[in-house]
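Peer 1: I would like the atomic coordinates for the input below:
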Amino acid sequence: MRASAQFRDELVQLAARFPSWVQLGSLAISIDLDDLLGRLKLINGWPDHTGVEWEPELAELVRGNLQDAATVKSRLNPTRAVEELGSAEVLAALGDDWIGDLRTFQLRDVAKLLSLHHGANFSVPGAGKTRVALAVYAAQRNAGKVRRLLVVCPKSAYEAWQFETGACFRHPLRTQIFERVADGWAEVLIVNYERLDRSIAALAGWLQSEPSMIILDEAHRMKLGSRGTYGAACMALGPLARRRLILTGTPAPNGAKDLESLMGFVWPGYGHRTVATAVGGGDLAYASSVLRPLFTRTTKQELGLPMVDSKVRYVDMPPLHHEIYSSLVGGLSETTQRDDLRSLGKTALRLLMAATSPALLLEGATKYEPLSYQLEPLEVPRNASLFELLQKLPSYELSPKYKEAVAIVADNAAKGRKTLVWTTFVRSLTTLEKLLEKFRPAVVYGGTPDREAELQRFRHDPNCMVLLSNPATLGEGISLHQVCHDAVYVDRDFMAGRFLQSLDRIHRLGLDPNTETRVTVLAARDSIDITVDERLTQKLEFMGKVLDDPSVQQLSDLQEEPSVAGGLDASDVRALLRHMGS
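Peer 2: This next block holds a predicted model:
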């Protein structure tokens with residue numbers, strides 16, 4: 001903000017009412033954008049109304065926020081009709097160049113997003129969010145409001161965006177995967193989150209050179225908002241676009257703060273405040289009614305998908321396993337720094353490993369050397385130290401989780417059903433690969449040379465009955481629902497969003513309504529697994545209630561069946577410390 005000399009005192013008085021203000025000179029101040037938009041009414045007190053001049057980009061930002069605030073207010077008033085386009089009107093708005101097919105629920109989602117200046121699509125994976133987003137862009141382009149589109153997405157989504165920009169338009173859109181220099185002639189520029197931070201200047205110039213729209217795909221990746229590298233870059237680029245749209249099926253994996261960050265990108269100032277106010281009272285049904293006008297969501301029920309048959313199978317740690325685990329908990333409790341998230345995260349990962357098998361914590365001959373189990377376990381020597389027993393643990397006891405996983409895969413294979421087995425740790429994957437050798441397992445993790453070859457083998461080789469992977473590698477971007485309907489989680493971390501995303505690999509649009517999809521979660525009693533389960537239950541319950549989605553709520557209440565930390569938030573930390581006896 002800059003003022004003329006005669007209003008120097010008034011500028012100082014105005015600045016004092018914004019917590020984020022910084023003095024830039026005797027007649028200039030800087031205010032954080034969220035702070036300004038959240039306290040916009042303070043500008044009304046400026047003594048010289050006719051002398052106020054707005055920068056065009058900021059004026060457009062303010063207008064969009066105010067328009068959407070008015071739209072939300074009218075939607076929450078039951079006596080006022082909500083004006084949205086009908087299906088025929090949506091198709092007409094897309095223009096003659098649009099040729100993509102749209103299902104009924106997609107037309108509904110497009111209509112709702114077009115009724116807002118900016119928007120959010122929280123539909124489940126498989127609901128066609130990419131196509132809906134391109135339809136919104138087509139309508140805006142046809143109306144002369146935008147001319148180019150910046151898509152921020154994971155690398156795994158590149159193929160989908162390239163395909164859809166060609167398939168949905170009579171004249172395929174000129175599309176570029178951004179690396180170092182933006183193509184000035186490209187209509188669609190695609191960039192991944194990892195590249196954003198070092199490319200802000202180039203992307204900002206591209207956005208500002210023409211009226212633009214920005215889409216964040218898998219937007220939960222910037223859930224930290226301005227506190228994270230991805231989020232800060234997105235928050236810097238967002239206001240430069242005429243229209244902003246976010247896409248994710250898991251908008252609040254850790255609770256309200258994640259949702260605040262996402263909504264804060266779409267509506268700077270207004271989004272943060274709206275979510276905080278809605279959720280602050282603790283009534284999630286009320287929060288859902290307040291937030292629902294701000295986003296669209298197609299649920300699995302609307303896609304016609306049957307519910308997942310999800311169960312948790314508790315296993316008991318064998319005596320030696322239990323003794324070593326208890327000793328580790330005591331040792332880690334003494335060495336973990338309580339105020340250091342990195343230290344707590346490492347502790348959680350170690351305990352997750354130990355709950356499966358403490359032997360995973362030991363270094364092997366190679367980084368990912370599998371554990372070597374005895375066909376007939378040896379008798380535990382009486383006089384050996386606990387450390388000596390740990391080093392030879394696979395010789396004495398078989399991990400109960402591995403035992404259950406092998407039994408489930410064998411039973412499914414006998415019935416002709418393929419199984420997807422998830423585990424966080426690569427050494428656990430290589431161990432299971434050895435244990436499940438007779439079922440010709442396909443294995444996919446970060447170091448797999450040819451992922452596609454392994455996936456094709458799982459899909460098409462009748463002898464390959466199991467796929468082993470971790471959610472960090474295959475949690476997004478692939479579809480396995482045509483060939484696989486069983487999933488087993490050997491372990492889970494605190495990241496609810498990753499859990500939901502991984503479930504959707506075998507439960508998505510195109511699934512036969514009569515298909516039975518079965519998910520089994522393995523958990524070791526008296527271990528960190530119980531703490532993880534409790535925290536995921538709370539997170540999934542929050543997300544399901546805010547989104548008014550029964551399928552998510554169902555997963556927060558797994559039925560009991562007989563026989564990492566990177567996502568730690570403040571509540572996870574408290575739960576972890578309770579488990580460690582602090």
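
Peer 1: So which bits of the helix or strand hosting Leu245 are buried?
Peer 2: Using DSSP states H and E, Leu245 sits in strand 243-247. If you call a residue buried by 16 or more other CB atoms under 10 Å, then strand 243-247 has these buried ones: Arg243, Arg244, Leu245, Ile246, Leu247. C-beta here means a position set from N, CA and C on the backbone, and glycine is covered the same way.

Peer 1: Save these as TSV, and put in distance to Ser115 and pLDDT too.
Peer 2: Converted to TSV, these look like this (distance: CB to CB, whole Å; pLDDT from 0 to 100):
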residue	distance to Ser115	pLDDT
Arg243	13	93
Arg244	15	93
Leu245	13	96
Ile246	16	95
Leu247	17	95
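
Peer 1: May I see the residues you listed organised as CSV, with distance to Val191 added?
Peer 2: Listed next are the buried residues of strand 243-247 as CSV, based on distance: CB to CB, whole Å:
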residue, distance to Val191
Arg243, 17
Arg244, 15
Leu245, 15
Ile246, 15
Leu247, 15
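
Peer 1: residue contacts, the spatially most central residue of the chain?
Peer 2: Geometric centre of the chain, nearest residue: His220, 4.0 Å, by CA atoms, centre = their mean. His220 makes contact with Thr248, Thr250, Pro251, Pro253, Asp258, Leu262, Gly497 under the criterion CB atoms under 8 Å, 6 or more residues apart in numbering.

Peer 1: Count the neighbours of the closest residue to the third one other than its chain neighbours for me.
Peer 2: In space, Pro251 comes closest to Phe122 once its chain neighbours are excluded; the distance is 4.9 Å by CB to CB, 6 or more residues apart in numbering. The number of residues packed around Phe122, counting by other CB atoms under 10 Å, is 29.

Peer 1: next one: Pro513
Peer 2: That count, for Pro513 with other CB under 10 Å as the rule, works out to 8.

Peer 1: Over to Gln554?
Peer 2: 16.

Peer 1: Per-residue pLDDT of the nearest residue to Ala28 once chain neighbours are set aside, please?
Peer 2: Excluding the flanking residues, the one nearest Ala28 by CB to CB, 6+ apart is Arg2, at 4.7 Å. At Arg2, the pLDDT value in this model is 92.

Peer 1: Look up phi and psi at Arg242.
Peer 2: phi -70, psi -30 (degrees, to the nearest 10).

Peer 1: Run a quick check on it versus Glu60, I expect a contact.
Peer 2: Yes - applying CB atoms under 8 Å as the test, Arg242 and Glu60 come out as touching, 6.6 Å apart.

Peer 1: Tell me which of the two has more neighbours.
Peer 2: Between Arg242 and Glu60, counted using other CB under 10 Å, Arg242 has the larger neighbour count: 20 against 17.

Peer 1: separation between that one and Gly264?
Peer 2: Arg242 sits 18 Å away from Gly264, going by CB to CB, to the nearest Å.

Peer 1: give me the number of residues near Lys311?
Peer 2: Applying other CB under 10 Å, I find that Lys311 has 14 neighbouring residues.
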